[in-house]
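In: I would like the atomic coordinates for the input below:
(one chain, ligands or ions: 2)
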Amino acid sequence: MTPARFSRIAVIGAGSWGTTFAKILADTAAASAEPGQPTEVRIWGRRTAVVEDITTRHRNDAYLPGIALPTTLTASTDLPGVLHGADLVVLAVPAQSLRAQLPRIRELLAPDAVVVSLMKGLELHTNARMSEVITAGLGLPAERVVVVSGPNLAMEIARESPTASVVACADEAVAARVAAACSPSYFRPYTNTDVVGVEFGGIVKNVIALAVGICEGRQMGDNAKASVITRGLAETTRLALALGGRVETMAGLAGLGDLVATCSSPLSRNHTAGRLLATGLSAEQVTATMRQTAEGVKSARPVLDLGRSLGVRMPITENVVAVLDGEISVDELAPRLLDRDLKSEGEQ
Ligand SMILES: NC(=O)c1ccc[n+]([C@@H]2O[C@H](COP(=O)([O-])OP(=O)(O)OC[C@H]3O[C@@H](n4cnc5c(N)ncnc54)[C@H](O)[C@@H]3O)[C@@H](O)[C@H]2O)c1
Ligand SMILES: O=P(O)(O)OC[C@H](O)CO
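Out: Ligands and ions are numbered 1, 2, ... in the order given. So this is what the prediction gives:
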């Protein structure tokens, strides 16, 4: 049976991924439009110049220079207007800013709306995943909250380069409904019920990408980068399994797939942040230099704290946190990772 279509979609956040995902939704809606039943896609953004650019010029040159957006896509700074009647609400703001925005969204949320998280961060101090922040902050059951994550560099997708992704929800039918809404010719979503595994794949790969960026910036070579990526997957998997995630998820698009894309691409903000750290900049200087969100910089500490609380060893994360905190220099990262007790590769 074909899943029920959404009729009004609100995307909260007019940055790189919010705008690109809105394009995915609008392109899917245009390709599957039924007469008299159009799906509207509207974006909420903070900055007037950005929302005007989207609505009037069908561009978002601040975040996606050179990309032509669907003419059906509109944007506004008026949150009640954007959320009015929306049966699908997609959240795409920096992870650490999400919780503060939820009370206002809760007041305006339609009774049966499904909410999607596009965010790949872990909350500071609470160590909460974004879907946990959303269920608590909006008072929703887990079956109405969906996570989309995978090897999804926004700029490549905005150019319609092909990719796949994962749409995860405790209720597989809800995941299938959202997947149907985000399936244009260039983007293939797979459903999964392992929300924990999908979220941790996206969260921890950002921390590992910081380490790989440091390796690249310090010209440590391809063997070093491959070693960090592979052992990064091992520590990501240990953490996800300790929290109930599934090993197949970690070997899939939201685990290995996203890790490889983020750690290989110069388009990745986390990889870029790692290369900037390698030049000797502090974490604060890196954040100030970059115009866009590199979630790993803030998520590394809560990932480490969570791992420690569960007795999960995360040596790459631990040493990235030490670099971010200014406790060690970038040149101490490799010696500290290499000079540990020898062990079996399969040891957990
Ligand atoms: N860009 C990508 O390729 C990509 C892909 C997959 C997932 N993600 C994830 O999506 C999330 C959003 O990333 P992005 O790439 O769109 O970030 P971005 O930096 O490009 O845009 C963030 C948006 O949030 C707004 N914003 C910033 N601070 C805010 C605040 N305090 N309150 C409200 N709005 C605020 C900004 O104005 C901007 O519109 C992140 O968690 C990221 O990890 C990004
Ligand atoms: O640019 P990054 O490092 O935030 O990565 C973007 C996406 O998460 C890649 O899947």
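In: Spatially central residue for the chain, please.
Out: In the chain, the C-alpha nearest the mean C-alpha coordinate belongs to residue 120, at 3.2 Å (CA atoms, centre = their mean).
In: give me the element it is part of.
Out: Secondary structure from DSSP states H and E places residue 120 outside every helix and strand.
In: my guess is it contacts residue 149, does it?
Out: Yes: counting by CB atoms under 8 Å, residue 120 touches residue 149, with 6.4 Å between them. C-beta: built from backbone N, CA, C; applies to glycine.
In: if I look at these two, which residues touch both of them?
Out: 199, 202 (CB atoms under 8 Å, 6 or more residues apart in numbering).
In: residues touching residue 324, list them.
Out: Taking CB under 8 Å, 6+ apart, we find residue 324 in contact with 210, 277, 283, 297, 300-301.
In: wait, which of these is closest to residue 9?
Out: Nearest to residue 9 among the contacts of residue 324: residue 297, at 30.2 Å, using CB to CB.
In: if I read this right, that closest one contacts residue 285, doesn't it?
Out: No: Residue 297 is beyond contact range of residue 285, at 11.0 Å (criterion: CB under 8 Å).
In: Can you pick out the residue with more neighbours from these two?
Out: residue 297 (24 against 13; other CB atoms under 10 Å).
In: how far away is the more buried one from residue 343?
Out: 29 Å (CB to CB, to the nearest Å).
In: what does this structure put close to ligand 2?
Out: Within the chain, the positions near ligand 2 by CB under 6 Å from any ligand atom are 120, 151-153, 206, 209, 258, 261-262, 268-271.
In: just these that are near ligand 1?
Out: Near ligand 1, judged by CB under 6 Å from any ligand atom, the entries from the residues of the chain next to ligand 2 are 120, 152-153.
In: re the thing from before, what helix or strand is the closest residue to the residue nearest to the centre of the chain other than its chain neighbours on?
Out: Once flanking residues are discounted, residue 120 sits nearest to residue 202: 3.6 Å by CB to CB, 6 or more residues apart in numbering. According to DSSP H and E, residue 202 maps onto helix 195-217.
In: what's the spacing between that helix and its chain's center?
Out: 11 Å (CA atoms, centre = their mean, to the nearest Å).
In: That one - what's its average pLDDT?
Out: For helix 195-217, the mean pLDDT works out to 98.
In: For that helix, list every residue counted as buried.
Out: 195-217 (16 or more other CB atoms under 10 Å).
In: Going C-terminal from it, what's the next secondary structure element?
Out: helix 222-242.
In: Would you mind listing the buried residues in the helix or strand following that next one?
Out: Downstream of helix 222-242, the first helix or strand assigned by DSSP H and E is helix 247-250. Neighbour-count burial for helix 247-250 flags 249-250 (criterion: 16+ other CB under 10 Å).
In: related to what we said a few turns ago, contacts only, for the residue nearest to the centre of the chain.
Out: Counted by CB under 8 Å, 6+ apart, residue 120 has contacts 95, 130, 149, 199, 202-203, 205-206, 295, 299.
In: of all these, which two lie farthest apart?
Out: The farthest-apart pair in the contacts of residue 120, when distances are taken by CB to CB, is 130 and 205, at 14.7 Å.
In: Quick one: the strands in the stretch 51-200 of the chain, in order.
Out: 74-76, 88-91, 114-117, 145-149, 163-168, 187-192 (DSSP state E, counting those that start in this stretch).
In: how about these in a markdown table, adding distance to residue 25, mean neighbour count and mean pLDDT?
Out: As requested, those are exported to a markdown table (distance: least, CB to CB, whole Å; neighbours: other CB atoms under 10 Å; pLDDT from 0 to 100):
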| stretch | distance to residue 25 | mean neighbour count | mean pLDDT |
| --- | --- | --- | --- |
| strand 74-76 | 12 | 22 | 98 |
| strand 88-91 | 7 | 26 | 98 |
| strand 114-117 | 10 | 25 | 99 |
| strand 145-149 | 11 | 27 | 99 |
| strand 163-168 | 12 | 24 | 99 |
| strand 187-192 | 10 | 20 | 98 |
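In: Can you tell me the element residue 262 falls in?
Out: Here residue 262 sits within helix 258-264, counting by DSSP H and E.
In: and the next element down the chain from that helix?
Out: In the C-terminal direction, the helix or strand that comes right after helix 258-264 (DSSP H and E) is helix 269-278.
In: For whichever helix or strand comes after that next one, which outside residues touch it?
Out: Note on helix 269-278: by DSSP H and E, the next helix or strand toward the C-terminus is helix 283-289. Contacts with helix 283-289, where a contact means CB under 8 Å, 6+ apart, come from 273, 276-277, 281, 294, 297, 323-326.
In: got the CA coordinates for stretch 102-121 in PDB?
Out: Listed next in PDB are the C-alpha coordinates belonging to stretch 102-121 (Å, rounded to 0.1, in the frame of the first residue of the first chain):
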ATOM      1  CA  LEU A 102      11.200  23.500  21.200                       C
ATOM      2  CA  PRO A 103       8.700  25.300  23.600                       C
ATOM      3  CA  ARG A 104       7.700  27.700  20.800                       C
ATOM      4  CA  ILE A 105       7.400  24.900  18.200                       C
ATOM      5  CA  ARG A 106       5.300  22.800  20.700                       C
ATOM      6  CA  GLU A 107       2.700  25.600  21.000                       C
ATOM      7  CA  LEU A 108       2.300  25.700  17.300                       C
ATOM      8  CA  LEU A 109       2.600  22.000  16.300                       C
ATOM      9  CA  ALA A 110      -0.400  20.400  14.600                       C
ATOM     10  CA  PRO A 111      -1.800  17.500  16.700                       C
ATOM     11  CA  ASP A 112      -0.800  14.600  14.500                       C
ATOM     12  CA  ALA A 113       2.400  16.100  13.000                       C
ATOM     13  CA  VAL A 114       5.400  13.800  12.400                       C
ATOM     14  CA  VAL A 115       8.700  15.400  13.400                       C
ATOM     15  CA  VAL A 116      12.000  14.600  11.600                       C
ATOM     16  CA  SER A 117      15.500  15.300  13.000                       C
ATOM     17  CA  LEU A 118      18.300  16.000  10.500                       C
ATOM     18  CA  MET A 119      20.800  16.900  13.200                       C
ATOM     19  CA  LYS A 120      24.000  15.000  14.000                       C
ATOM     20  CA  GLY A 121      25.000  16.100  17.400                       C
END
